[in-house]
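1. Task: produce atomic coordinates for the following.
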Amino acid sequence: MSALRTQDDTWDITESVGSTAVMVAAARAAETDKPDPLIRDPFARILVSEAGTGVWEKMLDSSLVDKVAEIDAEAAAIFEHMRGYQAVRTHFFDAYFTAAAAAGIRQVVILASGLDSRAYRLNWPTGTTVYEIDQPKVLEYKSATLAAHDATPSADRHEVAVDLRQDWPAALIAEGFDPKAPTAWLAEGLLMYLPADAQDRLFTQITELSATGSRVAAETAANHADERRQEMRERLDRVAEQLGIERNVDIQDLMYRDDARADVATWLNEHGWRATAQSCDDEMRRLNRWVEGVPLADDKQAFSQFVTAERV
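-> Numbers count the residues shown, from 1 in each chain. Purely as a prediction, here's the structure:
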């Protein structure tokens, strides 16, 4: 299992928070393979299959849910629900970037970009620059793997190899970022891995770097009840053992849970933005990715929100 987080921890694509990027890419690959996919990510399978993480590579098996169902039907529902959630989340933020580009924004920053391949797979308008911020080893793995498969970005892609707990604004500006130009920011799959004070600091820094007309989108941190979290852990451990899968990373151990965490939409509305929030469970139902019978349905704290805002 993974170690608990520390103030100065680092990782590559197989470790700690880095491995969660492989999990998300595996979910995108699974969605891409469906006959009616919400999103298409032709690079996801490549990035997962060459990562060497073992457990997440198993997610590429199209029959995995059926195998899990034979052991634990509710665990299979949770697993399918998690896949559907990742597809819906990706779809939502793809649409966010499409709208930002249509509004004339040509500067994009993806925070903790992981194995996000939007700089390669989205149809960016000419003149768009995409800045990807993440740990050096994570960015190195992605760019080297995609280059080996002759993939080229569809925008002017810049890597900003810096930990978000360090002076990332200075590193971003050094890479060519223009604070005077409207920017489309994305914090997807990030806030749950930050303490509450670090979340506030992140949005303060984004605000300081955002010209009028800039946009920001974020996935808020969900908060499972302790008993629910333990139940899910035990269930997944039993299933993994019976399938012969080594669970060397426990996602719950990587997350920060803080009852004092600010509501993202409220914080933004109070600091110079005009923000709205969309419940992810409503979005999953709208897009036909909600899984009936999933045991999380009665736990409203278990679901995140997708927040979008414009700088005013």
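2. Would you tell me what the next helix or strand after the strand or helix carrying residue 79 is?
-> For residue 79, the element it lies in under DSSP states H and E is helix 73-102. Next along the chain after helix 73-102, taking DSSP H and E as the criterion, comes strand 107-111.
3. what's the angle between that next one and helix 73-102?
-> 160 degrees (axes from the mean of the first three to the mean of the last three CA atoms, to 10 degrees).
4. Relative to strand 107-111, what are the paired strands and their orientations?
-> Strand pairing for strand 107-111, determined by DSSP bridges: strand 129-134 (parallel), strand 184-187 (parallel).
5. other SSEs contacting the helix or strand following the longest one?
-> Beyond strand 129-134 in the direction of the C-terminus, DSSP H and E gives the next helix or strand as helix 136-148. Using 3 or more CB pairs under 8 Å, 6 or more residues apart in numbering; DSSP states H and E as the contact criterion, the secondary-structure elements in contact with helix 136-148 are helix 16-32, helix 44-49, strand 156-161. Just so you know, the C-beta spots here come from the backbone N, C-alpha and C atoms, and that holds for glycine as well.
6. Report the buried residues of helix 136-148.
-> For helix 136-148, a neighbour-count test (16 or more other CB atoms under 10 Å) marks 137, 138, 139, 141, 142, 143, 145, 146 as buried.
7. Just send these back as a markdown table, with pLDDT too.
-> Below are the buried residues of helix 136-148 laid out as a markdown table (pLDDT from 0 to 100):
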| residue | pLDDT |
| --- | --- |
| 137 | 90 |
| 138 | 91 |
| 139 | 95 |
| 141 | 93 |
| 142 | 95 |
| 143 | 96 |
| 145 | 96 |
| 146 | 97 |
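8. farthest-separated two in those residues?
-> Largest separation among the buried residues of helix 136-148 by CB to CB: 137 and 146, giving 15.2 Å.
9. before we move on, the earlier item: pipe the strands paired with strand 107-111 into CSV and attach mean pLDDT per row.
-> Shown next, in CSV, are these (pLDDT from 0 to 100):
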stretch, mean pLDDT
strand 129-134, 98
strand 184-187, 98
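10. Can I get the ones you listed in a markdown table including mean neighbour count and distance to residue 107?
-> Output for these, formatted as a markdown table (neighbours: other CB atoms under 10 Å; distance: least, CB to CB, whole Å):
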| stretch | mean neighbour count | distance to residue 107 |
| --- | --- | --- |
| strand 129-134 | 24 | 6 |
| strand 184-187 | 24 | 7 |
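11. of all those, which lies closest to residue 197?
-> Nearest of the strands paired with strand 107-111 (CB to CB): strand 184-187, 15.5 Å.
12. Please state the offset of the closest one from the chain centre?
-> Remark: strand 184-187 is offset 11 Å from the chain centroid, using CA atoms, centre = their mean, to the nearest Å.
13. what does it rub up against?
-> 93, 96-97, 100-101, 105, 107-112, 202, 206, 210, 214-219 (CB atoms under 8 Å, 6 or more residues apart in numbering).
14. Show me what secondary structure element comes after that strand.
-> Downstream of strand 184-187, the next assigned helix or strand under DSSP H and E is helix 196-208.
15. got the contact list for that following helix?
-> 111, 164-165, 168-169, 179, 185, 187, 191, 194, 216, 221, 256, 258, 260-262, 264, 267-268, 271-273, 311.
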